[in-house]
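*Asks:* heads up, no residue letters with this:
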């Protein structure tokens, strides 16, 4: 597959334009998006992905279109599962609802950056290391086994080393100051809880990339398709966070479906590695004459695994509602019945102060003290990824 420099440039340019639109237009007013807003944006992003896949079909053929759709669905399903961990983080850190969308936007931007790096490293490794598919395949099978083993574990948010180190060395405040990362209080420069949230989301994004990138390289070896599938999978993820907040608690078997998909792709990678084998201790360094799994079958397996998992989850929860997770934290954080007790502080400068820093330079919102989120829902943690 030959992708011209013009196509690469246009793809990256459109991606940056969409992100700028989110940052400058949608994210300028901190708020909890309505059901209608979430539905509209998710519909737009989904339509864009489908149209892109059809363009691939017309311009590059059915094979690459199939690889894109398989990769997009896989990455999208993994991204949905990652929302469980985002819910835990948001609830545990008590992020006010109106700031959750902006925090997620920053997390998505970081995810795109980290995944782009991993995609580049993966492409280099594939070209330079002939046995890398054995490693990718084994890792995905291991990840699938871990998903099944820890399906019923009750996970809670635990600070990673990066956050603990930052808290120990940087003075902080429990007051929320909108999107500001640092403010001055009592003459001292302190960090706000928003910085901790961003570090938490960014660090988990790195862990998520460890299984998502090998998984999609098991479906296509084209870096362009890997990148675009990840871009479309992450677009609309923050709206999906609010739209599916309640539904996520009902997808109790999602981990099983993802485990099946990852195990299938892992086996596919090993079969491909055997087919292209160059390791001297396997078949004398010769290629193993073994059939490979076609993209069309991969696409069918992915769709069936997700469909069966979703239906089985909803049916099980309908029969026994107690099986659904409780307290996702999306609706409990910064409850409406919590009064806004924050008052202007003479020691805290206004938004024009040069030391008040933020993500987009917006005026700091006057929020109440950090609220306590509900107990995190039992679900998959970043450690299981």
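*Replies:* Okay, I see it. Nothing here was measured: the structure is a model prediction, and the numbers come from that model. Residues are numbered from 1 along each chain as shown.
*Asks:* what about residue 186, how many neighbours?
*Replies:* 9 (other CB atoms under 10 Å). To be clear about C-beta, it is placed using only N, CA and C from the backbone, and glycine gets the same treatment.
*Asks:* so what's it scoring on pLDDT?
*Replies:* We have a pLDDT of 79 for residue 186.
*Asks:* same check, this time on residue 264
*Replies:* pLDDT, residue 264: 91.
*Asks:* next one: residue 83
*Replies:* pLDDT, residue 83: 75.
*Asks:* quick one: the helices in the stretch 151-300 of the chain?
*Replies:* Per DSSP state H, counting those that start in this stretch, the stretch 151-300 of the chain carries helices over the ranges 161-169, 193-217, 223-234, 237-243, 245-248, 254-275, 295-319.
*Asks:* residue 119 in helix, strand or coil?
*Replies:* For residue 119, the secondary structure call by DSSP: H, G, I helix; E, B strand; the rest coil comes out as helix.
*Asks:* list the contacts for it?
*Replies:* By CB atoms under 8 Å, 6 or more residues apart in numbering, the contact list for residue 119 reads 213, 223, 226-227, 230.
*Asks:* quick one: it from residue 298, how far?
*Replies:* If you measure residue 119 against residue 298 using CB to CB, to the nearest Å, the figure is 19 Å.
*Asks:* next one: residue 197
*Replies:* Distance from residue 197 to residue 298, by CB to CB: 36 Å.
*Asks:* returning to that earlier point: list just the nearest of the contacts of residue 119 to residue 264.
*Replies:* residue 213 (16.7 Å; CB to CB).
*Asks:* nearest residue to the closest one other than its sequence neighbours?
*Replies:* residue 118 (4.5 Å; CB to CB, 6 or more residues apart in numbering).
*Asks:* same check on residue 107?
*Replies:* Leaving out its chain neighbours, the residue that sits closest to residue 107 by CB to CB, 6+ apart is residue 201, at 3.4 Å.
*Asks:* again, but for residue 8
*Replies:* residue 224 (7.1 Å).
*Asks:* can you give me the neighbour number for residue 319?
*Replies:* 8.
*Asks:* list the buried residues in stretch 288-307.
*Replies:* 293, 295, 298-299, 301-302, 305-306 (16 or more other CB atoms under 10 Å).
*Asks:* hmm, I typed the wrong one, I wanted stretch 228-246.
*Replies:* Buried, per 16+ other CB under 10 Å, within stretch 228-246: 228-245.
*Asks:* contact partners for residue 107?
*Replies:* Contact partners of residue 107, counting by CB under 8 Å, 6+ apart, are 86, 198, 201-202, 205.
*Asks:* with respect to residue 171, which of these is nearest?
*Replies:* residue 198 (17.3 Å).
*Asks:* burial count for the nearest residue to the closest one once chain neighbours are set aside?
*Replies:* Distance criterion CB to CB, 6+ apart; nearest residue to residue 198, sequence neighbours excluded, is residue 106 at 5.2 Å. Neighbourhood size, residue 106 [other CB under 10 Å]: 20.
*Asks:* how about the secondary structure of residue 106?
*Replies:* helix.
*Asks:* remind me, longest strand of this structure?
*Replies:* Using DSSP state E, we find that the single longest strand of the chain is strand 180-185.
*Asks:* and it, which strands flank it?
*Replies:* Sheet partners assigned to strand 180-185 using DSSP bridges are listed as strand 188-191 (antiparallel), strand 357-358 (antiparallel).
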